[in-house]
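Enquirer: no sequence on this one, just coordinates:
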């Protein structure tokens with residue numbers, strides 16, 4: 001009850017905080033301290049509820065449905081902590097926690113001078129209030145006997161939990177979701193500043209307060225997106241880093257709008273223009289965060305996304321719609337009420353050859369990409385089908401080319417006015433350098449026309465930014481952040497060209513201990529070995545060891561496959577050989593074991609039935625259940641052993657044999673049995689066929705192989721073989737370097753704005 005009490009407390013105090021700050025907005029200054037106090041209590045309640053949730057997870061209190069569904073006693077500390085946000089309820093809790101904490105820092109920041117505190121905190125408290133209300137509807141503090149009323153006895157405490165989804169049992173689970181949610185939560189701040197500006201009718205100085213937060217949001221969300229891409233590449237095994245999955249897109253779309261807003265805000269600071277544009281972009285960015293939340297958590301995507309949660313229930317579904325609709329209406333109402341004032345703001349700059357105009361065109365291009373991706377992402381809602389990946393690639397390629405060219409050209413222009421001759425003269429050197437390198441790329445294999453133009457644009461942007469970055473670094477190091485970010489973007493584009501368009505892949509069958517040549521390497525499957533996963537002792541995991549040889553150098557790659565009792569299917573993880581100019585990516589596809597017997601060897605017996613097989617008589621006597629419990633719980637676990645007692649008689653001997661079948665994690669293992677006096681036949685127990693309510697109505701399937709005549713058929717697998725997908729990812733390190741440098745640029749830019757944050 002403590003957790004629920006704290007959430008109710010947070011919701012009530014958030015509402016009181018909204019009311020108090022609104023009263024201050026309307027001139028009741030004495031309510032400012034009440035607004036601050038109520039917000040602090042609301043935030044403290046959220047922090048307390050989060051701490052309580054973490055405690056019951058670490059304490060294995062499986063009477064709570066969420067703890068039982070997401071965790072178990074086997075998980076190590078890092079993964080156990082990550083179950084805090086691995087499910088629907090916990091992820092809402094994390095989002096609320098991050099929002100509450102950011103609000104504490106925001107309120108302190110706003111209290112230093114006239115920074116629109118009442119207006120900003122009124123809107124921010126509304127954000128927090130909505131999130132806590134959703135937690136009331138989708139609580140992580142429900143008991144199992146309430147969640148499964150009528151099925152579970154009141155007060156029942158499970159001994160262990162279901163455990164964490166194997167797809168989430170990875171290092172990145174500890175840092176990727178929290179990073180994304182810091183980004184989502186911090187994006188509420190520029191939104192609140194924009195709405196507060198409309199409330200206060202003050203359009204000039206708000207960007208000084210909002211820009212540092214916008215840079216922080218862009219940097220953190222970009223970092224989270226980068227982590228997600230590397231997680232997909234290094235762990236999930238499909239060979240790529242970006243699949244245009246709807247939930248991937250739903251993080252990427254608001255990030256594009258953030259980046260657009262950052263550039264137009266810089267233009268407003270330098271020229272005074274784009275006031276309306278910045279309001280629209282800051283509001284749109286957070287509305288798109290809410291929309292992405294709806295896509296992810298409403299269950300509306302169904303099978304269109306591997307990331308989407310299950311249907312959360314009608315109440316939560318409607319509350320998400322109300323959440324989005326309310327903020328859309330608030331934004332529209334604020335614009336309508338200030339329509340006259342906005343109409344009278346200074347017109348946007350109209351000179352084409354200026355840096356602010358170039359930044360505006362660049363922002364429009366980023367928005368165009370966001371609109372394209374938004375349309376494709378929302379398509380499953382309209383047509384109940386997903387958009388093909390090629391749609392996103394084809395639509396965004398020309399947009400990316402424009403972004404790269406505009407990025408380079410904008411830096412050669414001056415604010416407010418530019419000399420045409422100076423501008424065109426500045427284009428010559430970077431274009432020549434970019435053209436020379438592009439010609440070299442075409443010679444070595446970049447033959448696609450659009451990709452050649454893309455490479456030219458990215459190289460042009462790189463050379464322009466690199467030259468300016470060196471010059472600026474010598475004078476004012478704090479100002480180098482934007483150029484660093486742009487260099488990272490150019491490298492990212494070049495990495496995309498190399499690793500996606502010009503990667504090579506091949507499906508290869510590796511027969512054990514038999515070398516195979518591919519991509520200039522010799523690959524030899526040398527067998528499988530088990531290894532222990534301390535976070536998952538229920539399942540037996542296997543490394544499938546591949547010896548990689550080239551030029552006298554050796555290394556062993558160890559892709560993983562195992563049967564997951566959680567997912568009731570085979571899980572696969574790749575292994576990657578990293579080189580300076582490429583990655584060799586090995587993804588396991590399956591294991592083919594040698595064929596022991598064919599369909600013609602199968603014989604079905606009823607109890608007591610005798611059949612003549614070749615020159616022997618075989619009688620099925622009964623099943624041997626060994627030490628299996630009467631209820632057969634072992635069968636449910638997938639780990640059990642059954643025997644078939646048979647009597648075999650030839651011309652000289654009569655023997656009783658017990659061929660067995662053993663299941664490990666649901667996988668059968670057959671054991672050969674022979675007569676001691678006659679090795680002509682091998683007997684295998686293959687299957688127990690239940691046709692009645694008990695063993696009395698069951699039949700046994702035996703494989704009886706005549707070893708004198710059994711010969712491998714053409715095409716039969718005679719040795720264990722591993723099937724893999726091997727691919728070469730050329731220069732993918734450029735892509736990863738680009739993403740890291742891009743994010744670094746954001747944070748260097750924040751350092752530049754540190755005076756605006758602390759003063």
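Expert: Noted; the coordinates are in hand. Values in this document were obtained by computation on a predicted structure and should not be read as measured data.
Enquirer: give the buried residues for the strand or helix carrying residue 703.
Expert: Per DSSP states H and E, residue 703 falls inside strand 698-706. With burial defined by 16 or more other CB atoms under 10 Å, the residues of strand 698-706 counted as buried are 698, 699, 700, 701, 702, 703, 704, 705. Using the backbone N, CA and C atoms, a C-beta is placed for each residue, glycine as well.
Enquirer: sheet-wise, list the partners of the helix or strand that it is followed by with their directions.
Expert: Downstream of strand 698-706, the next assigned helix or strand under DSSP H and E is strand 721-730. Using DSSP bridges, strand 721-730 pairs in its sheet with strand 504-511 (antiparallel), strand 582-592 (antiparallel).
Enquirer: so how far is the last one from its chain's centroid?
Expert: If I follow you right, that is strand 582-592. Remark: strand 582-592 is offset 21 Å from the chain centroid, using CA atoms, centre = their mean, to the nearest Å.
Enquirer: before we move on, back to that, from the buried residues of strand 698-706, which is closest to residue 438?
Expert: Relative to residue 438, the closest of the buried residues of strand 698-706 is residue 703; by CB to CB it sits at 63.6 Å.
Enquirer: from memory that closest one sits against residue 602, does it?
Expert: Yes. The criterion here is CB atoms under 8 Å, and residue 703 meets it with residue 602 at 5.7 Å.
Enquirer: what touches both of those two?
Expert: residue 686 (CB atoms under 8 Å, 6 or more residues apart in numbering).
Enquirer: can you add mean neighbour count and mean pLDDT and give the strands paired with strand 721-730 back as a markdown table?
Expert: Listed next are these as a markdown table, based on neighbours: other CB atoms under 10 Å; pLDDT from 0 to 100:
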| stretch | mean neighbour count | mean pLDDT |
| --- | --- | --- |
| strand 504-511 | 15 | 92 |
| strand 582-592 | 19 | 91 |
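Enquirer: in TSV, list those strands along with distance to residue 745.
Expert: Below are the strands paired with strand 721-730 laid out as TSV (distance: least, CB to CB, whole Å):
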stretch	distance to residue 745
strand 504-511	32
strand 582-592	25
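Enquirer: quick one, which of the ones you listed gets closest to residue 572.
Expert: strand 582-592 (5.0 Å).
Enquirer: that older thread, so among the buried residues of strand 698-706, where is pLDDT lowest?
Expert: Among the buried residues of strand 698-706, residue 698 carries the lowest pLDDT, at 78.
Enquirer: touching, that residue and residue 623? I think so.
Expert: Yes. If you go by CB under 8 Å, residue 698 and residue 623 touch, sitting 7.0 Å apart.
Enquirer: which helices and strands does the host helix or strand of residue 100 pack with?
Expert: Assigned by DSSP H and E, residue 100 belongs to helix 88-110. If you count contacts as 3 or more CB pairs under 8 Å, 6 or more residues apart in numbering; DSSP states H and E, helix 88-110 packs onto helix 32-58, helix 65-70, helix 117-137, helix 176-186, helix 188-200, helix 206-231, helix 275-297.
Enquirer: what residues sit buried inside the longest one?
Expert: Yep, that's helix 32-58 we're talking about. For helix 32-58, burial by neighbour count (16+ other CB under 10 Å) applies to 32, 34-36, 38-50, 52-54, 56-57.
Enquirer: show me what it is packed up against.
Expert: Partner elements for helix 32-58 (3+ CB pairs under 8 Å, 6+ apart): helix 2-25, helix 65-70, helix 77-82, helix 88-110, helix 117-137.
Enquirer: residues making contact with the second one?
Expert: The set of residues external to helix 65-70 that reach it, using CB under 8 Å, 6+ apart, is 53, 56-57, 60-62, 83, 86-87, 89-90, 140-144, 146-148, 158, 161-164.
Enquirer: give the contact list for residue 438.
Expert: 446, 452, 455, 456, 459.
Enquirer: so what's the residue count around the second one?
Expert: What that stands for is residue 452. 16 (other CB atoms under 10 Å).
Enquirer: could you do the third one as well?
Expert: The number of residues packed around residue 455, counting by other CB under 10 Å, is 25.
Enquirer: check the gap between residue 38 and residue 103 for me.
Expert: 12 Å (CB to CB, to the nearest Å).
Enquirer: and for the two, which residues touch both?
Expert: Between them, residue 38 and residue 103 share these contacting residues under CB under 8 Å, 6+ apart: residue 125.
Enquirer: can I assume residue 465 is in contact with residue 491?
Expert: No. Using CB under 8 Å, residue 465 is not in contact with residue 491, being 10.2 Å away.
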